[in-house]
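K.L.:
Here is my input, please return the structure:
(chains A and B)
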Number of protein chains: 2
Amino acid sequence: MEANLASYIQEERSKLNQLLSRYLNHLSTPEILGQSTKYSIEAGGKRLRPILMKLTCEGLNGDPERVYPAAMALEMIHTYSLIHDDLPAMDNDTYRRGMLTNHKKFDEATAILAGDGLLTNSFQLITETDYYTDSEKVFIIKKLAEASGLEGMVAGQVMDMQAEKELTTVEQLENIHRLKTGKLLTFSVVTGAFLANAKQEILEMMEQFGTTIGLIFQIQDDILDVIGDQEIMGKASGSDEGNQKSTYPSLLGLEGAIEHKNRYVMQAKHLLHEMKLDQSLLEQLVDYLSNRDQ
Amino acid sequence: MEANLASYIQEERSKLNQLLSRYLNHLSTPEILGQSTKYSIEAGGKRLRPILMKLTCEGLNGDPERVYPAAMALEMIHTYSLIHDDLPAMDNDTYRRGMLTNHKKFDEATAILAGDGLLTNSFQLITETDYYTDSEKVFIIKKLAEASGLEGMVAGQVMDMQAEKELTTVEQLENIHRLKTGKLLTFSVVTGAFLANAKQEILEMMEQFGTTIGLIFQIQDDILDVIGDQEIMGKASGSDEGNQKSTYPSLLGLEGAIEHKNRYVMQAKHLLHEMKLDQSLLEQLVDYLSNRDQ
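P.N.:
Below is the predicted model:
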């Protein structure tokens, strides 16, 4: 990663971690629920989505400070989805980012409720901010719910579980990823552009850009599962193969998966060029997503 | 139940069931997720909360048609909470309203995701309606999230689970009920009043009224668990005793619980009198809640 992107990411992560911890600390909620939500929020995610939102807003000459409430809500929804995905009835994971998953650290009931609570409060947080007008709040809540609900992320998770039982094609795989991870990534960049008062045309290109980088992210995830370093990633590599899960490398071979990813990288950069956002930190971020080792 | 209230309730239930089924049928979501959400939404709940909202709006001379989007969202959140409460990690229930619980009919993963989806889409639905201005949408989403999130219903559910492990006092019991069931009931009447453009003073009295009828509802629930007819209720009576759960009858005796409930009934009726809503169907509903046999 280039030095200026690396320091940008580090700074944003720490700012966002602070804001999220402060928000959770001020809630009046049972102690165990406070501990459980904070445990997962503070577990040190990449904060990729909030960073994407801010870079987009900034790149389009918006006031980047305005992204924070939406970025916090987004990260709370992302965190809830990880807590629920890790549950025994779903992926049944013991570790995430090198730490015990929420239901292992606490218990299943607490993990389910911590997820429910983070999801609910993410919408509440947007209604409470004075950074947005009512009309902006309604737009953001609508987009965020569309991205995460029965036609978005939740649908993708159901399709992902069903696909584990049967062979899939690359097309089916990408349909799942577009919903399961793509929708929230798309929300990041569309909302960043919206808060910069971008034109409709740009919002539409951002939809495409979000989908494309979502696929890049996912292909690299699958590649890392084959060739990644367990120490760096904080989770076991080779787990997809153990699960007999369809992945890009299992469907296209490792070389094929890398070529497929590179086509999306070209596409993403082309879109940035069209939006006059090449030469920006966003372009560096595309390379980082494509080449990351964790 | 008096005849005019009975026919009102029946009519409203069927109207709301129709609206909810139509909403879910129009979503583009994986088949299993559509089936699972519809299964629980169509499982024939009492629709008490939507009916309370409409009666309140009507009683205060508002346009009662305006309650529907908020009432649908509320019922979706209530349904999600039942699906998650029934899960093996929580109350581990096999039947609800005489039907298999969602995770028994489908599976645990699907039940968790159906709940997550209903919760998320309840907020989305409010953003999409043309019944409300943006400022009304923000008010309703804020109140609904406050009632259901980390400081509301979810907090109450965590406290309820903790209380199962230790003896509680009536005060502790009522703290739990105020959050777990009281908050959503309060949302019903406050939103009904808000949509009738009621004054702040009325909204505040409605907060109290909602809390009070929530406690009446809960005391009667506990009483029915002791003396109720299993056939009518569609679930096993005596289950609280089996769970060694603190209830009003276990803490106050059966007679004591009934007296306690009657004090709240007086209080609720006094509040209705203050708001010039005595002689209304709302007053009949208070008696119905207090005397219901299921």
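
K.L.:
which other helices and strands contact the helix or strand encompassing residue A:55?
P.N.:
Secondary structure from DSSP states H and E places residue A:55 in helix A:48-59. Secondary-structure packing of helix A:48-59 (3 or more C-beta pairs under 8 Å, 6 or more residues apart in numbering or on different chains; DSSP states H and E): helix A:3-25, helix A:68-85, helix A:183-195, helix A:200-227, helix A:281-291. C-beta: built from backbone N, CA, C; applies to glycine.

K.L.:
and the nearest residue to residue A:110 once chain neighbours are set aside, what helix or strand is that in?
P.N.:
Spatially, and ignoring its direct neighbours in sequence, residue A:110 is nearest to residue A:36 (4.9 Å; C-beta to C-beta, 6 or more residues apart in numbering or on different chains). According to DSSP H and E, residue A:36 maps onto helix A:31-41.

K.L.:
So which bits of that helix are buried?
P.N.:
Of the residues in helix A:31-41, A:32, A:33, A:34, A:36, A:37, A:38, A:39, A:40, A:41 count as buried by neighbour count, 16 or more other C-beta atoms under 10 Å in any protein chain shown.

K.L.:
again with stretch A:38-54
P.N.:
Across stretch A:38-54, burial judged by 16+ other C-beta under 10 Å covers A:38-41, A:43, A:45, A:47-54.

K.L.:
And for stretch A:209-229?
P.N.:
A:209-226, A:228.

K.L.:
For that stretch, what does the pLDDT average out to?
P.N.:
For stretch A:209-229, the mean pLDDT works out to 92.

K.L.:
Of the helices and strands packed on helix A:48-59, give the one that comes closest to residue B:86.
P.N.:
Between residue B:86 and the helices and strands packed on helix A:48-59, the shortest gap by C-beta to C-beta is with helix A:68-85, which sits at 16.1 Å.

K.L.:
and that closest one, what other elements does it pack with?
P.N.:
Using 3+ C-beta pairs under 8 Å, 6+ apart: helix A:68-85 touches helix A:3-25, helix A:31-41, helix A:48-59, helix A:108-128, helix A:134-148, helix A:153-163, helix A:183-195, helix B:108-128.

K.L.:
Tell me who's in contact with the closest residue to residue A:90 other than its chain neighbours.
P.N.:
Closest residue to residue A:90 apart from its sequence neighbours, by C-beta to C-beta, 6+ apart: residue B:109 at 5.1 Å. Shown in contact with residue B:109 (C-beta atoms under 8 Å, 6 or more residues apart in numbering or on different chains): A:87, A:89, A:90, A:161.

K.L.:
and the last one, what is it in contact with?
P.N.:
To tie it back to what came earlier, the one meant is residue A:161. Residues in contact with residue A:161, defined by C-beta under 8 Å, 6+ apart, are A:90, B:109.

K.L.:
Now that residue A:168 has come up, it's in contact with residue A:246, right?
P.N.:
Yes: with contact defined as C-beta atoms under 8 Å, residue A:168 reaches residue A:246; the gap is 4.2 Å.

K.L.:
correct me, but residue A:73 touches residue A:122?
P.N.:
Yes: in this structure, residue A:73 is within contact of residue A:122 by C-beta under 8 Å, at 4.0 Å.

K.L.:
where's residue A:134 relative to chain B, distance?
P.N.:
4 Å (C-beta to the nearest C-beta, to the nearest Å).

K.L.:
which residues does that residue contact?
P.N.:
Contacts of residue A:134 by C-beta under 8 Å, 6+ apart are B:133, B:134, B:135, B:137, B:138.

K.L.:
Going by neighbour count, which of the residues you listed are buried?
P.N.:
B:137, B:138.

K.L.:
In contact with the residue nearest to residue A:56 when sequence neighbours are not counted, which residues?
P.N.:
Of all residues not flanking residue A:56 in the chain, residue A:192 sits nearest, at 3.0 Å (C-beta to C-beta, 6+ apart). For residue A:192, the contacting residues are A:52, A:53, A:54, A:55, A:56, A:57, A:58, A:60, A:62, A:67, A:206, by C-beta under 8 Å, 6+ apart.

K.L.:
neighbours around the last one, how many?
P.N.:
This points to residue A:206. 25 (other C-beta atoms under 10 Å in any protein chain shown).

K.L.:
got a list of what it touches?
P.N.:
Contacts of residue A:206 (C-beta under 8 Å, 6+ apart): A:56, A:186, A:189, A:190, A:192, A:193, A:198, A:275.

K.L.:
7 Å instead?
P.N.:
With contacts defined as C-beta atoms under 7 Å, 6 or more residues apart in numbering or on different chains, residue A:206 is in contact with A:56, A:189, A:190, A:193.

K.L.:
Same check on the second one?
P.N.:
For residue A:53, the set of contacting residues under the criterion of C-beta under 7 Å, 6+ apart consists of A:67, A:70, A:71, A:74, A:188, A:189, A:191, A:192.

K.L.:
will you turn the buried residues of stretch A:38-54 into TSV that also has distance to residue A:259 and pLDDT?
P.N.:
Listed next are the buried residues of stretch A:38-54 as TSV, based on distance: C-beta to C-beta, whole Å; pLDDT from 0 to 100:
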residue	distance to residue A:259	pLDDT
A:38	42	98
A:39	40	98
A:40	36	97
A:41	37	97
A:43	34	92
A:45	29	85
A:47	30	94
A:48	24	94
A:49	27	96
A:50	31	97
A:51	27	96
A:52	25	97
A:53	30	98
A:54	31	97
